[in-house]
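J.: sequence unknown, structure follows:
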C-alpha cells in the first residue's frame, strides 16, 4: 500500500453561490493528490509524458460528497494505491479539512495510452518499479 | 421518464496538455444539462434557491470516460430522470459529440437542503409537480 | 472593422460565493468570443494550430468589470477587430447581459508563435486574408 | 509598501492544449496572492464578508503575459500594495516561476461593496488599520 498526501487552502474561485466549494473541484483535488503522488515517487506526470511517451487519461471517477468545504478551509487530498498498476491504475482518493473531517472520497481509475496513437499500453516498468520500491520500503 | 438535452461547443480553456477536454469538465457538462433541465421545466435552479429557499448539492457523481472530446467538437449533454425525485434526485447523464459518439456517461445523485440551515429536506412539491406533469405529458 | 458575437447562459460553476460570476470567467468569455470569431471566419483556432503550425498566445489582457452577471443571465460576448492583424492581433471585447447591460469590456492582444519552437512569427496570410475579405464584404 | 507572496505548483487542469498554463489562470493566481495577503495580515477575505458585511469585487484587471508557465513549474504569486486603500484598493501583481523568471505581471483594482445592497462603501477601518500597521512595521 502506498499513500500520498498534499495540503492546500480552498481558493475563492473554487466556491460557488451556495458559498461552498463547487463539487467539480473535488475531482480536481483528487488530481492534485495523484500528481503529488508522482512527484513524491520521484517521477512527475510531465516526465511520463515526455520521457516515456505515454499519457494517463482517466477511465472513470466516482466521488461521494460528505461535507462541504468552504473558503478558509485548508484541505488535505489523499491518493492511495493498494496494488502495483498493470493495464490500469486504481486509486482511492479522499479530501479532508483542517479538522480531519472527510469532505469527499472516491475511486479514480486511470489507463495508459501511447501519447501519439492514443492506443492502450501497459503501465510502463519505470512506473511499476517506483510503486514496488515504495511499497517494499514501507 | 424525462430527458433533456443541450448543445454547446468545447471551449479552449477546457482542453489540457493531452489536447483533449480535461476530465473534470465532464462533471461540469453534466451540471449544464441539469441546469438546462430545470430551465426547460420552467423553474430554473436560481429560482429554487431564491423562491423555495433550498439548495441542491451533489451527493455523489459517477462518470465513465468513453471517448475524448477535443477542441472543435460540438457536444450534447443529456440529463435523464426516470422517477419523480423524493428525498434525493437520481439523474442519468451523458455527453455525446457531433457524430453521436458517446464521450462520457454516468449518474449524479442530488439532495435537497434548506438554504440557511444546510439540513436535508424533501424535494419541494413545486419541483415534483413539474416532473410529474412533464412525465405525464410524454 | 469586423465584429463577432456569441450568446450563452451563465453556468452555475462560474458563480462564486458573492453569488455573481467570478471575475476570471470574463477572461474566458472573451476567449469564447474570439474562438467563435475564427469559426465564423471559417478557420477555427484548432485548424490554425494543426494546419498552419502556429499557436496564438495572449500577450496582454485588460478587463473592466461594469455590472455583475448572475446565474440565470444569458450573455453575449463580442470580439471586434479594427485592423487586419500583422505581428499582433488587437481585439476589443465586451460581454453584455440579456438586457443589453454591459457587464465587462476590455482589450486582448495576441501574438503568433511557431507551434514547435515557440518563437514569434507574423500572422499567417491564411488568417489576414480572411479578415481582409470579411472587412471588405461589410 | 506591503508585499505578500505565496508559492504553489502548476496544476494539470490549468494547462491547455498549447501545453502551457491557460492565460485565464494567471488572473486566478493573482487572486490567490491577494487572498494570502489577507491571511498574512490576519484578516482573511471570508471574515471581511462575514464580520464586516462587505464584499470586495474586482473593478479592473490588467495582465501582461511574459513567459509561459508549464506543468512541473512551482510558481510564486506576489501582491503588493503601495498605499493604504480608501475607496479602492490598487494591487500590483506578479507571478514568477522557480527560476525567478517573470511569467506574468499586472495591476488589479478592487472596490468595496455592502454585501446586501451591493452599493459602494469605503474600505473598512479594520482593513486600513491592518495595512497601516503592517507598513509601519516594515
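T.: That came through fine. Model, not experiment: these values are computed from the prediction.
J.: does chain C sit close to the host helix or strand of residue A:63?
T.: Following DSSP states H and E, one finds residue A:63 within strand A:58-65. No - using CB under 8 Å from any CB of the partner chain, strand A:58-65 stays clear of chain C, coming no nearer than 14.3 Å. In this view, the C-beta of every residue, glycine as well, is placed from N, C-alpha and C.
J.: chain center to that strand, what's the gap?
T.: Distance of strand A:58-65 from its chain centroid, counting by CA atoms, centre = their mean, to the nearest Å, is 11 Å.
J.: tell me what it is packed against?
T.: helix A:24-41, strand A:102-111, strand B:58-65 (3 or more CB pairs under 8 Å, 6 or more residues apart in numbering or on different chains; DSSP states H and E).
J.: any idea which residue sits dead centre in chain A?
T.: The centre of chain A sits closest to residue A:34, judged by CA atoms, centre = their mean, with a distance of 2.6 Å.
J.: up against chain B, what does chain A have?
T.: So chain A meets chain B at A:17-18, A:20, A:23-25, A:27-28, A:31, A:49, A:55, A:57-65, A:68, A:118 (CB under 8 Å from any CB).
J.: list only buried entries from these.
T.: Among these, those classed as buried by 16 or more other CB atoms under 10 Å in any protein chain shown are A:17-18, A:20, A:23-25, A:27-28, A:31, A:49, A:55, A:57-65, A:68.
J.: residues in contact with the residue nearest to the centre of chain A?
T.: Contacts were defined as CB atoms under 8 Å, 6 or more residues apart in numbering or on different chains; by that measure residue A:34 touches A:45, A:79, A:91, A:93, A:108, A:110.
J.: quick check: the fourth one touching residue A:108?
T.: In this case it means residue A:93. Yes - here residue A:93 lies in contact with residue A:108, judged by CB atoms under 8 Å, at a distance of 5.7 Å.
J.: shared neighbours of these two, anything?
T.: A:30, A:34.
J.: state the distance from the nearest residue in space to residue A:132 that is not next to it in sequence to chain D.
T.: Once flanking residues are discounted, residue A:132 sits nearest to residue A:84: 5.6 Å by CB to CB, 6 or more residues apart in numbering or on different chains. Taking CB to the nearest CB, to the nearest Å as the measure, residue A:84 falls 22 Å from chain D.
J.: isn't residue A:121 up against residue A:115?
T.: No - between residue A:121 and residue A:115 there is no contact under CB under 8 Å: 9.6 Å.
J.: overlap in contacts of these two?
T.: Counting by CB under 8 Å, 6+ apart, the contacts common to residue A:121 and residue A:115 are residue A:54.
J.: of the helices and strands packed on strand A:58-65, which is nearest residue C:40?
T.: Comparison of those against residue C:40 by CB to CB identifies helix A:24-41 as nearest, at 29.7 Å.
J.: mind listing what residue A:109 touches?
T.: A:58-61, A:88-91.
J.: coming back round to it: adjacent strands (with direction) for the strand holding residue A:63?
T.: Sheet pairing here is set by DSSP bridges, and for strand A:58-65 it gives strand A:102-111 (antiparallel), strand B:58-65 (antiparallel).
J.: export those to CSV and tack on mean pLDDT?
T.: Formatted as CSV, those follow (pLDDT from 0 to 100):
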stretch, mean pLDDT
strand A:102-111, 98
strand B:58-65, 98
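J.: switch those strands over to TSV; also include distance to residue A:128.
T.: Output for those, formatted as TSV (distance: least, CB to CB, whole Å):
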stretch	distance to residue A:128
strand A:102-111	13
strand B:58-65	23
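J.: so how far is residue D:26 from the residue nearest to the centre of chain A?
T.: Note on residue A:34: its distance to residue D:26, by CB to CB, to the nearest Å, is 24 Å.
J.: now distance to residue A:103 too, for the contacts of residue A:109, in CSV please.
T.: Below are the contacts of residue A:109 laid out as CSV (distance: CB to CB, whole Å):
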residue, distance to residue A:103
A:58, 20
A:59, 24
A:60, 21
A:61, 16
A:88, 26
A:89, 23
A:90, 21
A:91, 17
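J.: now, among the residues you listed, which is nearest to chain C?
T.: Nearest to chain C among these, counting by CB to the nearest CB, is residue A:61 at 16.0 Å.
J.: for that closest one, give me its contacts.
T.: By CB under 8 Å, 6+ apart, the residues touching residue A:61 are A:27, A:30, A:106-109, B:23, B:27, B:61-63, B:65.
J.: that older thread, assign a three-state SS to the residue nearest to residue A:132, would you?
T.: coil (DSSP: H, G, I helix; E, B strand; the rest coil).
J.: count of residues packed around residue A:112?
T.: 21 (other CB atoms under 10 Å in any protein chain shown).
J.: for residue A:41, that is, sorry about that
T.: If you count neighbours by other CB under 10 Å, residue A:41 ends up with 17.
J.: ok, for residue A:96, nearest residue in space, not its chain neighbours?
T.: Spatial nearest neighbour of residue A:96, excluding adjacent residues (CB to CB, 6+ apart): residue A:76 at 4.8 Å.
J.: so that neighbour touches residue A:95, yeah?
T.: Yes - between residue A:76 and residue A:95 there is a contact at 7.1 Å, judged by CB under 8 Å.
J.: so which of those two has more stuff around it?
T.: The residue with more neighbours, out of residue A:76 and residue A:95, is residue A:95; 27 against 17, by other CB under 10 Å.
J.: tell me the bridge partners for the more buried one.
T.: residue A:77, residue A:104.
J.: residue contacts, it?
T.: Residues counted as contacts of residue A:95 (CB under 8 Å, 6+ apart) are A:26, A:29-30, A:69, A:75-78, A:102-105.
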